[in-house]
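Chemist: for reference, the sequence and a predicted model appear below.
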Amino acid sequence: MAEVTPADQSNGQFQGQQLVVQKIYVKDVSFEVPNAPHVFQEIGSDEQPQVQLNLAQKATAMGNDLYEVVLSLTLTCTVGSRTAYLAEVQQAGLFGIAGFADPDRESIVGSYCPNLLFPYARQLISALVLEGGFPPFLLQPINFDALYAEQQRRRQAGDDAPPPALNS
């Protein structure tokens, strides 16, 4: 998908497809345990913790073929009616994307870039949960290609509803 091919190098200018990861960074992070310390006593009770993952992504054109892509993950764990913890991460990246046709560029921004950002966000969520005093939690891989294809299908069908939350 990110193939770099020199089409024309006249005047010292590179003319072709370019995909460059310029920076990967944490844009925002939050971890809350609103019912501490009581929730720690409930974790070992008969009720199983319920985890819900909300996922969103946003891309902003910064000009000069530069795009900021932000992958937002919100992980909410509840035990009974109480929130055990809430972890929110916005993992971002700056990507140089040039020389691609619009559909290919949209696919890169909508699928490839979030795929690249996800392992960083997953590691940060895992560390936050563990350091928050809870059992380790590892997010399962997410198929961003399938999510992007579903988003495209909904767009063509005229359905602008947000994608459903992922539950564990």
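Modeler: Received it, and whenever you're ready, just let me know what you need. Numbers count the residues shown, from 1 in each chain.

Chemist: quick check: closest non-adjacent residue to the residue nearest to the spatial centre of the chain.
Modeler: Nearest to the mean C-alpha position of the chain, by C-alpha atoms, centre = their mean, lies L71 at 3.0 Å. Of all residues not flanking L71 in the chain, L117 sits nearest, at 4.4 Å (C-beta to C-beta, 6 or more residues apart in numbering). Where C-beta positions appear, they are placed from N, C-alpha and C, glycine not excepted.

Chemist: what packs against the stretch of helix or strand the one you found belongs to?
Modeler: Using DSSP states H and E, L117 sits in helix 113-131. Under the contact definition 3 or more C-beta pairs under 8 Å, 6 or more residues apart in numbering; DSSP states H and E, helix 113-131 sits against strand 18-32, strand 66-79, strand 82-98, helix 144-157.

Chemist: what are the buried residues along stretch 98-105?
Modeler: Within stretch 98-105, the residues scored as buried using 16 or more other C-beta atoms under 10 Å are A98, G99, F100, D104, R105.

Chemist: what do you get for stretch 110-125?
Modeler: 110-118, 120-122, 124-125.

Chemist: then that stretch to CSV, C-alphas only?
Modeler: Output of stretch 110-125 as CSV, limited to C-alpha atoms (Å, rounded to 0.1, in the frame of the first residue of the first chain):
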residue,chain,number,x,y,z
GLY,A,110,-8.7,5.5,7.4
SER,A,111,-7.0,2.1,7.7
TYR,A,112,-3.2,2.0,7.5
CYS,A,113,-2.6,4.9,9.9
PRO,A,114,-4.9,3.6,12.7
ASN,A,115,-3.4,0.2,12.3
LEU,A,116,0.0,1.7,12.9
LEU,A,117,-1.1,3.7,15.9
PHE,A,118,-3.1,0.9,17.6
PRO,A,119,-0.1,-1.0,19.2
TYR,A,120,1.0,2.2,20.9
ALA,A,121,-2.5,2.9,22.3
ARG,A,122,-2.9,-0.7,23.3
GLN,A,123,0.3,-0.7,25.3
LEU,A,124,-0.6,2.6,27.0
ILE,A,125,-4.1,1.3,28.0
